[in-house]
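Student: Below is the sequence, then the predicted model.
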Amino acid sequence: MNLDGTGPRGFGAVLRWSVLDRLQGRRRRPKAKASCPRVAPDLLTLRTPPRPGEGARLTFIGHATYLVQLDNLSLLVDPVFSERIARFIPRRLPPGVPVERLPPIDAALVSHGHYDHLDRPTLERLGVPVYGGLGLARDLAPSGLTCVEMGWGASSRIGDVKVTFVPSQHWSRRGLFDTNRALWGGFVLEGSSATVYHAGDSGYFEGFAEIGRRFAIDAALLPIGAYDPPWFMSSQHMNPEEALRAFADLGARTLFAMHFGTFQLSDEPLDEPPERLLAASARLGRAKGEVRVLAVGETAEVAHTPKEGRARPAGPPRRDPEATRGPGGYT
């Protein structure tokens, strides 16, 4: 269960969204074509990760996939390079770095078992150790991959980087009979001179404030897409305004957007989330550079900033304050 005791929506809600609302004309129809910015990756720079003391390097591969390089390591979070997920959802943008042009990868971090985050063909091709939540090894067993499982709050070491698995507001399933049999969450990567948080998939919840209290986060990689229709998606995915509230709760230095532009998973156009995020950020008066939407293939450098020197401006109002009420803490 999530920290507030909730789980996924039942079959009736899925039927309403996927069939009834479509038949009755209540669903938005995304534009047939929606493009997101893309740049050629700096492959020469990516060959060598930053050394200890040199901060972290983030490269947006697409959707929730980020290449995170720090302290002599190259880590892929939620690596998905396949042309289709779940056999029938096509990729709308090619990966920012082709899988064959990646630097040597030390490990893959998988936030949960949904097909847009856990792509077995990609993991099999990478052939590196996988880190994720409790129960994930069962999903990877057919591939013969090594999996380090972690509960919420547990940590592992990859080289000199400490990786902690933290809660998110989501759920997990790959088949008909394995709902929530594997744990979902996000990752905090603490290096010598930068701390990076990848939230995985998440609705807005009070756990963001707890994560912010526990870690001095320099870069918060937050999902901003797959939010329409709100009645169905809000418990599992944030809209851009909620991502900004999560960013404020975390007290992080910079927000990097993800979970948009690659797979059509919900009813909003693929290019709407980043436009809406930047517009909301401007309305809140966020300083230039605090909220970033990287082009697919683009790289950014981040380094540690003392937490006591950061402002924590208010985020936008919640969509439904009662819907996210919960204990917030975890062990």
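Tutor: Nice, thanks for sending it over. Given the structure is predicted, the values throughout are model-derived calculations rather than measurements.
Student: can you give me the helices in this protein?
Tutor: Using DSSP state H, the helices of the chain run over 11-15, 21-23, 43-46, 120-126, 136-140, 207-214, 230-233, 240-250, 272-284.
Student: between those helices, which gets nearest to residue 298?
Tutor: Proximity to residue 298 (Cβ to Cβ) singles out helix 43-46 among the helices of the chain, at 11.5 Å. C-beta here means a position set from N, CA and C on the backbone, and glycine is covered the same way.
Student: how about that closest one: buried residues?
Tutor: Within helix 43-46, the residues scored as buried using 16 or more other Cβ atoms under 10 Å are residue 46.
Student: which residues are in contact with it?
Tutor: The set of residues external to helix 43-46 that reach it, using Cβ atoms under 8 Å, 6 or more residues apart in numbering, is 57, 59, 67, 69, 74, 97, 101-103, 299.
Student: Closest one of these to residue 235?
Tutor: For those, the residue nearest residue 235 by Cβ to Cβ is residue 67; the value is 29.7 Å.
Student: residues contacting the closest residue to the closest one other than its chain neighbours?
Tutor: Distances taken as Cβ to Cβ, 6 or more residues apart in numbering place residue 59 nearest to residue 67, at 4.1 Å, with adjacent residues excluded. Going by Cβ under 8 Å, 6+ apart, residue 59 touches 41, 46, 66-67, 69, 96-97, 294, 297-300.
Student: Tabulate these (JSON lines), appending pLDDT and distance to residue 8.
Tutor: Output for those, formatted as JSON lines (pLDDT from 0 to 100; distance: Cβ to Cβ, whole Å):
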{"residue": "41", "pLDDT": "97", "distance to residue 8": "36"}
{"residue": "46", "pLDDT": "98", "distance to residue 8": "37"}
{"residue": "66", "pLDDT": "98", "distance to residue 8": "25"}
{"residue": "67", "pLDDT": "98", "distance to residue 8": "30"}
{"residue": "69", "pLDDT": "98", "distance to residue 8": "34"}
{"residue": "96", "pLDDT": "97", "distance to residue 8": "30"}
{"residue": "97", "pLDDT": "98", "distance to residue 8": "32"}
{"residue": "294", "pLDDT": "97", "distance to residue 8": "30"}
{"residue": "297", "pLDDT": "97", "distance to residue 8": "33"}
{"residue": "298", "pLDDT": "98", "distance to residue 8": "33"}
{"residue": "299", "pLDDT": "98", "distance to residue 8": "35"}
{"residue": "300", "pLDDT": "98", "distance to residue 8": "33"}
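Student: So which of those belong to strands?
Tutor: Taking DSSP state E as the definition of strands, the contacts of residue 59 contribute 66-67, 69, 299-300.
Student: Most neighbours among the residues you listed, which one?
Tutor: Neighbour counts for the ones in strands among the contacts of residue 59, by other Cβ atoms under 10 Å, peak at residue 69, which reaches 28 neighbours.
Student: Now for that residue: which residues touch it?
Tutor: For residue 69, the contact set (Cβ under 8 Å, 6+ apart) comprises 46, 49-50, 56-59, 75, 103.
Student: Could you tell me how many residues sit around residue 157?
Tutor: Residue 157 has 8 neighbours, counted by other Cβ under 10 Å.
Student: Any idea how many residues pack against the nearest residue to it once chain neighbours are set aside?
Tutor: Once flanking residues are discounted, residue 157 sits nearest to residue 163: 7.4 Å by Cβ to Cβ, 6+ apart. Residue 163: 19 surrounding residues under other Cβ under 10 Å.
Student: The nearest residue to residue 239 once chain neighbours are set aside and residue 80, how far apart?
Tutor: In space, and not counting its chain neighbours, residue 239 is closest to residue 227: 4.0 Å by Cβ to Cβ, 6+ apart. For residue 227, the distance to residue 80 equals 20 Å [Cβ to Cβ, to the nearest Å].
Student: Between the two, which is the more surrounded one?
Tutor: Each of residue 227 and residue 80 has its neighbours counted (other Cβ under 10 Å); residue 227 has more, 29 against 24.
Student: Now do the contacts for that one.
Tutor: So residue 227 contacts 233-234, 237-240, 266, 268, 273 (Cβ under 8 Å, 6+ apart).
Student: Per-residue confidence, it, what does it come out as?
Tutor: pLDDT recorded at residue 227 is 94.
Student: again, but for residue 10
Tutor: 68.
Student: Please apply the same query to the one 10 residues further on.
Tutor: Listed pLDDT for residue 20 reads 63.
Student: As a markdown table, the ones in strands among the contacts of residue 59 with distance to residue 199 would be great.
Tutor: Shown next, in a markdown table, are these (distance: Cβ to Cβ, whole Å):
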| residue | distance to residue 199 |
| --- | --- |
| 66 | 11 |
| 67 | 17 |
| 69 | 19 |
| 299 | 20 |
| 300 | 17 |
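Student: residues in contact with residue 39?
Tutor: By Cβ under 8 Å, 6+ apart, the contact set of residue 39 is 96, 295-298.
Student: okay, those in CSV with distance to residue 203 and neighbour count next?
Tutor: Supplementary listing: the contacts of residue 39 in CSV, determined by distance: Cβ to Cβ, whole Å; neighbours: other Cβ atoms under 10 Å:
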residue, distance to residue 203, neighbour count
96, 26, 23
295, 26, 16
296, 25, 22
297, 28, 22
298, 27, 18
